[in-house]
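Visitor: sequence unavailable; structure follows:
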């Protein structure tokens, strides 16, 4: 696997979080990376963080990284790429303490679609 920081998608993720009113997300503590070489067949993106014990040991605040799997993400149309970013941002809990929201009941097709529609209304994409 190869990883590369993506300034373009980091800025877009921050913009999406702002537009959607995800004020609980510390925009300075999220980033996107693009990966190449994944054996994953269906995964388009995933979100990562450092575990609580590591945060404490390193004396660091939580940080979230959205990994965009190039082989799948780059094939999507722009609106689906934005929807993917929305989906991954929705996994960040309101406490922003290093944990994740699970798919059910928080990050479902219905909740992601509602947030994506809000994004479309706000940006006219």
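Guide: Yep, that arrived. Everything numeric here is computed off the predicted structure, so don't read it as measured data. Residues are numbered from 1 along each chain as shown.
Visitor: give me the phi and psi for the closest residue to residue 62 other than its chain neighbours.
Guide: Excluding its sequence neighbours, the residue lying closest to residue 62 (C-beta to C-beta, 6 or more residues apart in numbering) is residue 98, at 3.7 Å. All C-beta spots, glycine's among them, are computed from the backbone N, C-alpha and C. When read as degrees, to the nearest 10, the backbone of residue 98 gives phi 110, psi 0.
Visitor: ok, now the one 4 residues further on?
Guide: Main-chain torsions, residue 102, degrees, to the nearest 10: phi -80, psi 160.
Visitor: low-confidence ranges in this structure?
Guide: Residue ranges of the chain with pLDDT under 70: 125.
Visitor: strands along that one, start to end?
Guide: Using DSSP state E, the strands of the chain run over 2-5, 30-36, 45-49, 64-69.
Visitor: need the winner for burial among those strands.
Guide: strand 64-69 (a mean of 22; mean count of other C-beta atoms under 10 Å).
Visitor: how close does residue 29 get to residue 93?
Guide: Distance from residue 29 to residue 93, counting by C-beta to C-beta, to the nearest Å: 13 Å.
Visitor: burial of residue 15, as a residue count?
Guide: Look at residue 15: counted by other C-beta atoms under 10 Å, it has 15 neighbours.
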